[in-house]
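Participant: Starting from these lines, generate the structure:
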Amino acid sequence: MIGIVFRLTLRQLIGRGRTLMMGLLALLPVLVAVVYRLGSQDTDQAEWAATVLFEGLIVTTLLPLAAVVYGTAVLGSEIEDGTAVYLLAKPVSRARIVAAKLLASWLATTVTVLVSGLAAGAIALAGEPGDGILLGFGVALVLGSLVYSALFVMLSVVTSRALIIGLVYVFLWEGLVNGLFAGTRLLSVRHYTLGVADLFVEAPERVFEAKLGALTALVLMAVVGAATTWYATRRLSRFEVGETT
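Facilitator: Residues are numbered from 1 along each chain as shown. Modelled structure (predicted):
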């Protein structure tokens, strides 16, 4: 049953409008990398790729936006339009439903950001060794996609305004507050993602240095991912057919 829910959710996620929107968003880092290579390259390629392209654009903007769009849609849209009753009325454990929805969101988010990130990174680093930048950020984007997806899937179960709240979280908390106060890094999926990337990137600190240790980032990723998935399952288990959030 989990496989059926997973496949149906993927079909729902790759609708024409959403696919076009996310495809255009995923093209942005590639276009930025092309413009960079065509222009004057006064900056170090590895430094530009790590700090401007990956940290500044892909991890800070593309990753959370893709996750919030996919994560809030896998359950939130069904609850909002009332079609969730057909799924929730079936004798399927709510944990399996959440797992299938989370896997679909994770896959869609990962494909979007990973293809975009690796393509843009390869263009920006063409002719340079890279010092593990593509590997580090590739692994980090996969794990960051999972944690963000778990967070936004949970949010879609908690409230019908998940997309709006998710966007506020992305732009206000991750984009603004975390840049002002160092203590908020422990509550930032963006910093977890950068911490994981730093585990593989072998470039000097002037090129890239995460502000959160890799071990701390991995532990916090596991805690946040597990906690949000558990809470989503718990809330969905208490969800009554016909209820709105």
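
Participant: So what does the residue most central in space within the chain have for phi and psi?
Facilitator: Nearest to the geometric centre of the chain sits residue 145, at 3.4 Å (CA atoms, centre = their mean). Main-chain torsions, residue 145, degrees, to the nearest 10: phi -60, psi -40.

Participant: contacting residues for it?
Facilitator: 63, 66, 67, 106, 109, 110, 113, 114 (CB atoms under 8 Å, 6 or more residues apart in numbering). To be clear about C-beta, it is placed using only N, CA and C from the backbone, and glycine gets the same treatment.

Participant: pretty sure residue 13 is in contact with residue 72, am I right?
Facilitator: No - using CB atoms under 8 Å, residue 13 is not in contact with residue 72; the gap is 11.1 Å.

Participant: Which of these two has more residues huddled nearby?
Facilitator: Neighbours were counted for residue 13 and for residue 72 using other CB atoms under 10 Å; residue 72 has more, 29 against 21.

Participant: nearest residue to that one other than its sequence neighbours?
Facilitator: Nearest non-adjacent residue to residue 72, counting by CB to CB, 6 or more residues apart in numbering: residue 162, 4.1 Å away.

Participant: contacting residues around that neighbour?
Facilitator: Counted by CB under 8 Å, 6+ apart, residue 162 has contacts 72, 76, 152, 155, 156.

Participant: Just the pLDDT for the residue nearest to the centre of the chain.
Facilitator: You'll see residue 145 listed with a pLDDT of 97.

Participant: where does the chain have low pLDDT?
Facilitator: 1, 16, 40-41, 76-91, 179-182, 239-245 (pLDDT under 70).

Participant: ok so, going back, any idea which of the contacts of residue 162 is closest to residue 43?
Facilitator: Checking these against residue 43 by CB to CB gives residue 152 as the nearest, at 34.0 Å.

Participant: Most neighbours among the contacts of residue 162, which one?
Facilitator: Going by other CB under 10 Å, residue 152 tops these with 31 neighbours.

Participant: Closest one of the contacts of residue 145 to residue 183?
Facilitator: Nearest member of those to residue 183, counting by CB to CB, is residue 63, at 22.3 Å.

Participant: Which residue, other than its chain neighbours, is closest to the closest one?
Facilitator: Distance criterion CB to CB, 6+ apart; nearest residue to residue 63, sequence neighbours excluded, is residue 113 at 5.0 Å.

Participant: How is the one you found assigned, secondary-structure-wise?
Facilitator: Of the three states, residue 113 takes helix according to DSSP: H, G, I helix; E, B strand; the rest coil.

Participant: I figured it hits residue 66, correct?
Facilitator: Yes - counting by CB under 8 Å, residue 113 touches residue 66, with 5.5 Å between them.

Participant: what is in contact with the two at once?
Facilitator: Joint contacts of residue 113 and residue 66 (CB under 8 Å, 6+ apart) are 26, 145.

Participant: Neighbour count for the two, which is higher?
Facilitator: Neighbour totals were compared for residue 113 and residue 66, and residue 113 leads with 29 against 26 (other CB under 10 Å).
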